[in-house]
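J.: Need the 3D shape of this:
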Amino acid sequence: MTASQSTPLSLVHEIGSQVRLSAADVELFRYVYRPTEAQFESPRPYVHPVRTPGGRLVTVFRPHDHVWHKGITLSLPNFGPDNFWGGPTYTRAVGGYSNLGNNGSMDHAEVLAAEVEGERATFTHRLVWHREPRAGEAEGSAVVEEVRTLRAVLAPAAEAWVLGWTSELTNISGETIAIGSPTTEGRENAGYGGVFWRGPRSFTGGYMVGANGVEGEELRGTEAPWAGFSGKHDEVDGASTVVFVDFGHGGALPTKWFARSDPFACLNPAPFFDTVHEFAPGATITLDHAVAIADGPSDAERMARLADAASAALAPAGAPAGGIR
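T.: Now for the predicted structure:
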């Protein structure tokens, strides 16, 4: 175990397993980069638990309805013939969900950076995505090499902190991969896939709104540079807010929001919502987002301020970062 400390952040690296970030006496998140879940759940790194600056939990892990939902994680359900989401795969050929034995894994390869500087923390590592092993294989074939960077910045003026997530995905399969979603396979308005947040059960029925002014379930399938969710907690009084910012909005990937408040709480900027993208050999896709995690309930006006705070803390310089090159 190693630790990097500075006031007020502390980053503890449990080598070969996870990193934990704390501010004062509150553990803000754990990032498990070497998971132990079953192949059917498409094992991949995840951020859980995630807490507000006041210590309130805003993620859930392995909920009974979808055990492959894990806090905040990158998940893609229709990645060519492979499923990097977990669970059954929705395909047009079957006309529904089916267990296809195609659940891949996103496997940690090496740590590139783990550091704290002032009120900022950074963790970067390299991953290799593998197909589900076939009979007699110790490891499935490699499909993608990824460099993933998580950043955390305190935003005390907004009663929040900000998580940045940047994934650079390079196709190393030697083949063109058609990336889509259940919607591109025929399931209406179910274009999930990308960096996905699953909230606690007490958030069910909470308030959702996008930068486009669309509220509630109508937000799903629309385009906007940010979307937010405000939910209430059990056991402790009060509420918390999660706001996602898509830095790639208006770029090469036509991201739409997969968002729900019923039957569970989730937010997901989905870059392949209703359009299939041909991912060429050697090409790189960059996904770049920020998540503001705040104490207290929020209306649309406060969520806009939180989105601004997240953007100010972590927005890349120059043109939108998300896209294909």
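J.: Could you give the separation of the helix or strand encompassing residue 289 from the chain centroid?
T.: Residue 289 belongs to strand 284-295 when assigned by DSSP states H and E. Relative to the centre of its chain, strand 284-295 is centred 7 Å away, using Cα atoms, centre = their mean, to the nearest Å.
J.: Would you mind giving the secondary structure of the residue most central in space within the chain?
T.: Most central in the chain under Cα atoms, centre = their mean is residue 195, positioned 2.5 Å from the mean C-alpha point. Three-state call for residue 195 (DSSP: H, G, I helix; E, B strand; the rest coil): strand.
J.: Tell me the bridge partners for it.
T.: For residue 195, the beta-bridge partners are residue 74 (DSSP bridges).
J.: Sort out which residues of stretch 95-108 are buried, please.
T.: Within stretch 95-108, the residues that count as buried by 16 or more other Cβ atoms under 10 Å are 102, 103, 104, 105, 106, 107, 108. (Glycine included, C-beta is placed from N, CA and C.)
J.: What is the nearest of those to residue 311?
T.: Nearest to residue 311 among the buried residues of stretch 95-108, counting by Cβ to Cβ, is residue 106 at 27.0 Å.
J.: Check which helices and strands whichever strand or helix holds the closest one is in contact with.
T.: Assigned by DSSP H and E, residue 106 belongs to strand 105-117. Packing partners of strand 105-117 (3 or more Cβ pairs under 8 Å, 6 or more residues apart in numbering; DSSP states H and E): strand 2-5, strand 9-14, strand 120-130, strand 142-155.
J.: make it 10 Å
T.: Judged by 3 or more Cβ pairs under 10 Å, 6 or more residues apart in numbering; DSSP states H and E, strand 105-117 is in contact with strand 2-5, strand 9-14, strand 18-23, strand 72-79, strand 82-84, strand 120-130, strand 142-155.
J.: Next SSE downstream of the shortest one?
T.: I take that to be strand 82-84. Immediately after strand 82-84, counting by DSSP H and E, sits strand 89-91.
J.: Strand partners (parallel or antiparallel) of that next one?
T.: Next to strand 89-91 in the sheet, as set by DSSP bridges, lie strand 96-98 (antiparallel).
J.: ok, residues contacting the strand it pairs with?
T.: Outside of strand 96-98, the residues within contact range by Cβ atoms under 10 Å, 6 or more residues apart in numbering are 77, 87, 88, 89, 90, 91, 182, 185, 186, 187.
J.: Report the distance from it to the chain centre.
T.: A distance of 24 Å separates the centroid of the chain from that of strand 96-98, by Cα atoms, centre = their mean.
J.: Report the mean confidence score over it.
T.: Averaging pLDDT along strand 96-98 yields 97.
J.: Also stretch 313-325?
T.: Across stretch 313-325, the average pLDDT comes to 52.
J.: Show the model's pLDDT score for the nearest residue to residue 214 once chain neighbours are set aside.
T.: Leaving aside its chain neighbours, residue 214 sits nearest to residue 222 (5.2 Å; criterion: Cβ to Cβ, 6 or more residues apart in numbering). According to the prediction, residue 222 has pLDDT 98.
J.: Doesn't residue 222 lie inside a helix?
T.: No - assigned with three-state DSSP, residue 222 falls outside any helix and is coil.
J.: isn't it right next to residue 254, touching?
T.: No - applying Cβ atoms under 10 Å, one finds residue 222 not in contact with residue 254, separated by 11.5 Å.
J.: list residues touching both of those two?
T.: Common neighbours of residue 222 and residue 254, using Cβ under 10 Å, 6+ apart, are residue 273.
J.: one step back: among the contacts of strand 96-98, which pair sits farthest apart?
T.: For these, the maximum inter-member distance is 17.6 Å, found between 87 and 186 (Cβ to Cβ).
J.: And these two? Which one has more around it.
T.: With neighbours defined as other Cβ atoms under 10 Å, residue 87 and residue 186 compare such that residue 87 has more, 18 against 14.
J.: give me every residue that touches that one.
T.: By Cβ under 10 Å, 6+ apart, the contact list for residue 87 reads 40, 41, 42, 66, 67, 68, 69, 75, 77, 97, 99, 103.
J.: Contacts only, for the second one.
T.: For residue 41, the contacting residues are 35, 62, 66, 67, 68, 69, 70, 85, 86, 87, 103, 105, by Cβ under 10 Å, 6+ apart.
J.: Only the buried subset of those, as a PyMOL command please.
T.: The PyMOL command for the buried members of those (criterion: 16+ other Cβ under 10 Å) is given here:
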select buried, resi 35+62+66+68+69+70+85+86+87+103+105
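J.: Pick the one among the contacts of residue 41 closest to residue 135.
T.: Residue 135 lies nearest to residue 103 out of the contacts of residue 41, by Cβ to Cβ, at 15.0 Å.
J.: do you know how far the closest one is from residue 284?
T.: Look at residue 103 and residue 284: by Cβ to Cβ, to the nearest Å, they are 24 Å apart.
J.: First-to-last residue distance for stretch 77-88?
T.: Start-to-end span of stretch 77-88 (Cα to Cα, to the nearest Å) is 9 Å.
J.: List the buried residues in it.
T.: 77, 78, 79, 80, 82, 83, 84, 85, 86, 87, 88.
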